[in-house]
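Asker: please find the sequence and the predicted model below.
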Amino acid sequence: MLKAYCKDFWRYRFLLQNLIGRDFKLKYRRSILGVLWSVLNPLLMNIVMVAVFSSILDMRGAGIENFSVYLIIGQLLFTFFNEATSSCMSSMLGAAPLIKKVYIPKYIFPLEKAGFALVNCLFSFIALVIVMVFTGAPLHPTAILAVYPLFTLFVFSLGIGLILAAATVFFRDIMHLWGVFTTALMYFSAIFYDPFTMGGSGGAILQHCIGYNPLYWYITAFRAAVLDGEMLSWNMIWVCGLCAAIALIAGLFVFRKEQDKFVLHI
């Protein structure tokens with residue numbers, strides 16, 4: 001099965017590039033600033049959230065030296081996951097006119113949406129660089145290791161996206177439920193707080209729950225490499241890799257099993 005997917009991927013690689021380019025142009029069409037919004041949006045959101053969580057609500061937790069960088073890393077990676085899975089979810093419905101006319105491997109469409117989300121995320125990293133320069137955060141040599149959590153997060157998001165794309169064809173309510181789920185997930189991904197600085201029984205319970213959230217591991221691994229200048233721990237490596245592998249295998253299995261029924265339901 002994997003060999004067949006790889007063969008189709010190589011055969012339709014130019015279609016994949018064109019679809020990503022099309023989505024990129026459509027996203028910023030008739031926008032004065034265009035692609036700059038990929039940088040300005042996370043930058044402005046970071047300013048707002050820093051003001052809210054470090055001043056008004058005082059929820060950032062003790063021990064976070066550079067809260068602005070800590071926060072924007074969580075923002076960018078969670079936004080990437082949310083955008084990738086949400087766009088994958090509706091990819092088959094959006095491609096219905098094309099699928100009914102010509103043969104195209106159906107997994108190309110969720111893959112293209114995840115790929116576009118990754119490209120958009122890479123542009124958004126300019127905002128991370130700006131925040132690091134503005135706050136005087138050092139650029140550690142270990143920053144290159146951040147490629148690993150970013151890539152495994154892409155694979156993880158693609159796997160989840162394939163499952164959502166297949167399920168949404170038959171159950172449209174998933175599109176509404178997923179938005180509620182990701183909102184709850186955001187608060188359990190340690191984006192704007194450090195769970196290990198929170199004391200009491202509530203802090204212990206929160207730490208235990210967050211440990212089962214794959215997104216927490218991807219964000220933490222990225223922060224370790226970029227913000228803390230640390231090598232990735234063995235736990236970070238195997239948890240990020242294992243979650244990505246399980247999600248992709250499950251996604252490919254579910255998608256392949258159901259894809260022949262898509263034409264009748266989209």
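Answerer: Structure received.
Asker: which intervals of the stretch 151-266 of the chain have sub-threshold pLDDT?
Answerer: Counting by pLDDT under 70, the stretch 151-266 of the chain has low-confidence residues at 198-203, 264-266.
Asker: all helices for it, in order.
Answerer: In the stretch 151-266 of the chain, the helices defined using DSSP state H, counting those that start in this stretch lie at 174-187, 200-210, 214-226, 234-258, 262-265.
Asker: which residues sit against the third one?
Answerer: Residues from elsewhere that reach helix 214-226 (Cβ atoms under 8 Å, 6 or more residues apart in numbering): 69-70, 73-74, 77-78, 81, 128, 140, 142-146, 148-150, 152-153, 156, 185, 188-191, 210, 230-233, 235-237, 239-240, 243, 247. Placement of C-beta: from N, CA and C, glycine included.
Asker: same thing but 6 Å
Answerer: Residues from elsewhere that reach helix 214-226 (Cβ atoms under 6 Å, 6 or more residues apart in numbering): 73-74, 77, 142-143, 145-146, 149, 153, 189-190, 210, 230, 232, 236, 239-240, 243.
Asker: buried subset of the residues you listed?
Answerer: 73-74, 77, 142, 145-146, 149, 153, 189-190, 210, 232, 236, 239-240, 243 (16 or more other Cβ atoms under 10 Å).
Asker: what's the helix or strand hosting residue 127 packed up against?
Answerer: Secondary structure from DSSP states H and E places residue 127 in helix 108-135. Applying 3 or more Cβ pairs under 6 Å, 6 or more residues apart in numbering; DSSP states H and E, we find helix 108-135 packed against helix 13-27, helix 37-51, helix 67-89, helix 91-94, helix 147-170.
Asker: looking at those, which is nearest to residue 133?
Answerer: Each of the helices and strands packed on helix 108-135 has some distance to residue 133 by Cβ to Cβ; the shortest is helix 67-89, at 10.3 Å.
Asker: any buried residues in that closest one, and which?
Answerer: Under 16+ other Cβ under 10 Å, the buried positions of helix 67-89 are 67-89.
Asker: keeping just the C-alphas, turn stretch 128-145 into PDB.
Answerer: What follows is stretch 128-145, C-alpha atoms only, in PDB (Å, rounded to 0.1, in the frame of the first residue of the first chain):
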ATOM      1  CA  LEU A 128       9.000  34.200  15.500                       C
ATOM      2  CA  VAL A 129      12.300  35.600  14.300                       C
ATOM      3  CA  ILE A 130      11.000  39.100  14.800                       C
ATOM      4  CA  VAL A 131       9.900  38.400  18.400                       C
ATOM      5  CA  MET A 132      13.300  36.700  19.200                       C
ATOM      6  CA  VAL A 133      15.200  39.800  17.800                       C
ATOM      7  CA  PHE A 134      12.900  42.200  19.600                       C
ATOM      8  CA  THR A 135      13.200  40.400  23.000                       C
ATOM      9  CA  GLY A 136      16.900  39.700  22.600                       C
ATOM     10  CA  ALA A 137      16.500  35.900  22.600                       C
ATOM     11  CA  PRO A 138      19.700  34.200  21.600                       C
ATOM     12  CA  LEU A 139      19.800  31.900  18.500                       C
ATOM     13  CA  HIS A 140      21.100  28.600  19.700                       C
ATOM     14  CA  PRO A 141      22.800  26.000  17.400                       C
ATOM     15  CA  THR A 142      20.200  23.500  18.500                       C
ATOM     16  CA  ALA A 143      17.500  25.400  16.600                       C
ATOM     17  CA  ILE A 144      18.200  23.200  13.600                       C
ATOM     18  CA  LEU A 145      16.800  20.300  15.700                       C
END
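Asker: quick revisit: and the two most separated of the buried ones among the contacts of helix 214-226?
Answerer: 142 and 210, at 23.2 Å, using Cβ to Cβ across those.
Asker: quickly note the distance from residue 175 to residue 41.
Answerer: 23 Å (Cβ to Cβ, to the nearest Å).
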